[in-house]
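J.: Pasted the sequence and its predicted model underneath.
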Amino acid sequence: MLENYFPVFVFILIGIAFGIAPIVIGLLVAPHRPDSEKLSPYECGFEAFEDARMKFDVRYYLIAIIFILFDLEVAFLLPWATIFKEIVQTESVKWFGFAEMLVFIAILVVGYVYAWAKGALDWE
Amino acid sequence: MTLAEMQFVLPNLSPASAEIFLLTMACVIMMVDLFVKEKTRALTFALTQITLVGTAAVTVLTSAGLLSIVIAVLLGPDASADLTPRIVEVFGIRTGEEITYTFSSMYVADLMGSVLKLTLYFTVFVVMLYSRSYVLDRPQMAKAEFYTLSLFATLGMMVMISANHFLTIYIGLELLSLSLYAMVALNRDSVTATEAAMKYFVLGALASGLLLYGMSMIYGATGTLEITGVAERLYMGQANKTILIFGLVFLVSGIAFKLGVVPFHMWIPDVYHGAPTAVTLFIASAPKLAAFAIVIRMLVNGLIVMAQDWQMMLIILSVLSMAIGNLAAIAQTNLKRMLAYSAISHMGFMLLGLVTGVVGGDARFALNAYSSSMFYVITYALTSVGTFGMILLLARAGFESDELDDFKGLNKRSPWFAAVMMMMMFSMAGVPFFVGFFAKFSVLQAVVAAGYLWLALAAVFFSLIGAFYYLRIVKLMYFDPPKDMTPIQAPFDMKLLMSANGLAVALLGIFPQALMSICAYSLLRSL
């Protein structure tokens, strides 16, 4: 019973090693010249600690919401792709399973074309 | 388990063909407009109207029941009995005779839904036509988004009307609400519009949250979200009563928010007032039909066993709405705001019909009661479209015409449109022999038949108070000197439709029987 979890244990070990190794290598190998920007926890253009009621560029919001849409698209596409072979081999859902995803993508493409033509994807 | 072992049934798409058609066309219009350069957007407007007519045609041709009603109204009952079977055969219509479920019972096509949808398309069509010149006069509004968002909102309402699953209702509701939030904010340079959109969005999100929470409780109590399934479990007595009541309270609060009845009415005056009048016209008419449909779906189709509980809640909402709506409307100087409070009181009145369906476990009066509400909400949409349309008719570039004072002396500027507005106001006030009178009358009849005499008296009392502010507009139009004598600049088609709208309000008041029997018949075939 317990030995069934051995691969999980190996996975955890490798995961930890992968997380720690780059930091250790970085400490040993990389040049070490800190400045205040490099030491700040987040480098996203905002101050980490300041009043939350500040003006920020609405383009951030636009990009974020478009990202969510297409991120979710992939979240649906991926499980579909993994069983795609099975879908086309099953007589009852052969075309339906294919067409359904095409419709889903088509609807998203409409949104994509719209966002593109309206200039939502241009930063400047 | 492999796919082949799962008993997969392909959904029957034909009951939902109207929705599919509308969605396809909305996407097409969105794409076409991107490549149209002209400023008037005549093509977008024309395509929108064609889409609505086409959707109506698809709806009629996929529902044999609706088809026979439409032919009977147009050509008479004899022609209907003769023609309907032939058309049904030619088009191979297989749905609409009885209640059809599809998409794993998440979607239902029945006669009540079809009738409400047809009224919905008609309302949106009229709204688009009335808004046309208003939108053209305001460069901020004259975007394709006004049309595409309206179509998506319509799609949302169609989904709400045809939902047989709590989540389907939620999806439809969100599609409607998100479109409306954006439409309210369409005029983004206007401070009031942005404020209205913000308030609408925050409160609307809260209401959606309440509704979802209620749904999750119902799921917890019954183990299903399918509305007919919920009804079955409740009938078998297989539900945890305490959780159910909890869920019901949240569900009713969510519905009350969306309907805009007291004490969940705070957003209505601000949104009606702040939104561009064309959008107010939309919000004030079509969504009421969909809201009625979801009340029927959730409370009547799903939770009829709990009728004693939700009827009590609706009585409180209804009486409060009639009281506060009518009293607050008196104090308003802005017509849009006044009509917003009037909408609150009307929705309260509409709820009266829904509270009288089941009396002491006896559902004898249910059909009568619910059909009176359906009649009320359909005629309210018709009258409300006309009233807000009148504001649009008098508005012009740079002038909104939404203050009460702007209606002073309308009789001297245009006797005919003053008369049309008077008909609308009389109908809203419930003056005999306009359609609003029969709407109120049939609801009151249902209330009295159910034995709630005090409720009927309260309703009459508050309606009398309400008559004051409607009649004040009539007084302003006929007995006060006009503020400006600018002739009405509205396109001919709008004037024509406005006249037809006024006449419809008057004629339906003289012959209410046809619409009343359509409501009763469609509910009889659907419940």
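T.: Sure, I can see it. On a predicted model such as this, the values are computed, not experimentally measured, just so you know.

J.: Now do the strands in chain A.
T.: For chain A, applying DSSP state E gives no strands.

J.: Which positions in it make contact with chain B?
T.: Residues of chain A lying close to chain B (Cβ under 8 Å from any Cβ of the partner chain) are A:83, A:86-87, A:89-93, A:96, A:107, A:110, A:113-114, A:117-118. Where C-beta positions appear, they are placed from N, C-alpha and C, glycine not excepted.

J.: Type out the ChimeraX command that picks the buried ones from those residues.
T.: To isolate the buried ones among these in ChimeraX, judged by 16 or more other Cβ atoms under 10 Å in any protein chain shown, type:
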select /A:87,90,93,110,114
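
J.: chain center to whichever strand or helix holds B:F417: distance?
T.: Per DSSP states H and E, B:F417 falls inside helix B:415-429. Remark: helix B:415-429 is offset 21 Å from the chain centroid, using Cα atoms, centre = their mean, to the nearest Å.

J.: now what about the following helix or strand past that helix, what contacts it?
T.: Sequence-wise, the next helix or strand downstream of helix B:415-429 (DSSP H and E) is helix B:435-449. Contact with helix B:435-449 is made by B:349-350, B:352-353, B:355-356, B:365, B:368-369, B:371-373, B:375-376, B:379-380, B:382-383, B:426-431, B:455-456, B:459-460, B:463, B:504-506, B:508-509, B:512, B:516, as judged by Cβ atoms under 8 Å, 6 or more residues apart in numbering or on different chains.

J.: among the residues you listed, which ones are buried?
T.: For the contacts of helix B:435-449, burial is judged from neighbour counts taken by 16+ other Cβ under 10 Å, and it is met by B:349-350, B:352-353, B:355-356, B:365, B:368-369, B:371-373, B:375-376, B:379-380, B:382-383, B:426-431, B:455-456, B:459, B:463, B:504-506, B:508-509, B:512, B:516.

J.: Narrow those residues to those in helices?
T.: Taking DSSP state H as the definition of helices, the buried ones among the contacts of helix B:435-449 contribute B:349-350, B:352-353, B:355, B:368-369, B:371-373, B:375-376, B:379-380, B:382-383, B:426-429, B:455-456, B:459, B:463, B:504-506, B:508-509, B:516.

J.: what is the rounded mean pLDDT of stretch B:63-74?
T.: Stretch B:63-74 carries an average pLDDT of 83.

J.: In PDB, please show the C-alpha coordinates belonging to it.
T.: This file holds the C-alpha atoms of stretch B:63-74, laid out as PDB (Å, rounded to 0.1, in the frame of the first residue of the first chain):
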ATOM      1  CA  SER B  63     -43.300  26.000 -32.000                       C
ATOM      2  CA  ALA B  64     -46.600  24.600 -33.400                       C
ATOM      3  CA  GLY B  65     -48.500  26.000 -30.400                       C
ATOM      4  CA  LEU B  66     -47.200  29.500 -31.000                       C
ATOM      5  CA  LEU B  67     -47.800  29.200 -34.700                       C
ATOM      6  CA  SER B  68     -51.500  28.400 -34.200                       C
ATOM      7  CA  ILE B  69     -51.800  31.400 -31.900                       C
ATOM      8  CA  VAL B  70     -50.100  33.800 -34.300                       C
ATOM      9  CA  ILE B  71     -52.300  32.700 -37.200                       C
ATOM     10  CA  ALA B  72     -55.400  32.900 -35.100                       C
ATOM     11  CA  VAL B  73     -54.500  36.500 -34.100                       C
ATOM     12  CA  LEU B  74     -53.700  37.500 -37.600                       C
END
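
J.: Quick check: buried residues in it?
T.: Quick answer for stretch B:63-74 (16+ other Cβ under 10 Å): B:63-72.

J.: Of the residues of chain A next to chain B, which pair is most distant in space?
T.: Farthest-apart pair in the residues of chain A next to chain B is A:E91 and A:K118; separation 43.1 Å (Cβ to Cβ).

J.: so what secondary structure elements neighbour the helix ranked longest in chain B?
T.: Longest helix in chain B, counting residues (DSSP H): helix B:191-222. Judged by 3 or more Cβ pairs under 8 Å, 6 or more residues apart in numbering or on different chains; DSSP states H and E, the packing partners of helix B:191-222 are helix B:166-184, helix B:227-235, helix B:241-259, helix B:267-274.

J.: Tabulate the ones you listed (CSV), appending mean neighbour count.
T.: Putting these into CSV (neighbours: other Cβ atoms under 10 Å in any protein chain shown) gives the following:
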stretch, mean neighbour count
helix B:166-184, 22
helix B:227-235, 18
helix B:241-259, 21
helix B:267-274, 24
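
J.: By mean pLDDT, point me to the weakest helix or strand of the chain.
T.: This is for chain A. Using mean pLDDT, DSSP states H and E, helix A:36-39 stands out as the lowest-scoring helix or strand of chain A, at a mean of 76.

J.: that's the wrong chain, I wanted chain B
T.: Quick look at chain B via mean pLDDT, DSSP H and E: least confident is helix B:77-91, a mean of 77.

J.: list the helices and strands that one packs on?
T.: helix B:64-75.

J.: ok so, going back, which of the ones in helices among the buried ones among the contacts of helix B:435-449 come close to chain A?
T.: Applying Cβ under 8 Å from any Cβ to these, none is adjacent to chain A.

J.: Contacts only, for residue 88.
T.: I went with chain A, as the question did not name one. A:94, A:97-98.

J.: that answer is for a different chain, and I need it for chain B
T.: By Cβ under 8 Å, 6+ apart, the neighbours of B:V88 are B:64, B:67.

J.: Same question for B:L320.
T.: When contacts are counted by Cβ under 8 Å, 6+ apart, B:L320 touches B:261-263, B:348.

J.: Now that we have these, which of them are buried?
T.: Buried, going by 16+ other Cβ under 10 Å: B:261-262, B:348, out of the contacts of B:L320.

J.: Return the item of these having minimum pLDDT.
T.: Scanning those for pLDDT, the low point is B:V262. It has 87.

J.: State whether it is indeed within a strand.
T.: No. Remark: B:V262 does not belong to a strand; assigned using DSSP: H, G, I helix; E, B strand; the rest coil, it is coil.

J.: Leaving out the residues flanking it, which one is nearest to it?
T.: Nearest residue to B:V262, sequence neighbours excluded (Cβ to Cβ, 6 or more residues apart in numbering or on different chains): B:L320, at 4.0 Å.

J.: Could you report the pLDDT at that neighbour?
T.: We have a pLDDT of 95 for B:L320.

J.: and it, which of the three is it?
T.: Here B:L320 is recorded as helix under three-state DSSP.

J.: OK, contacts around the residue nearest in space to the middle of chain A?
T.: Centrality entry for chain A: nearest residue to the mean C-alpha point is A:D71, 6.3 Å, by Cα atoms, centre = their mean. Shown in contact with A:D71 (Cβ under 8 Å, 6+ apart): no residues.

J.: gap between the residue nearest to B:G302 when sequence neighbours are not counted and B:V32?
T.: Distances taken as Cβ to Cβ, 6+ apart put B:I227 closest to B:G302, at 4.1 Å, once the chain neighbours are dropped. Distance, B:I227 to B:V32, using Cβ to Cβ, to the nearest Å: 37 Å.

J.: same check, this time on B:L203
T.: Separation of B:L203 from B:V32 (Cβ to Cβ): 35 Å.
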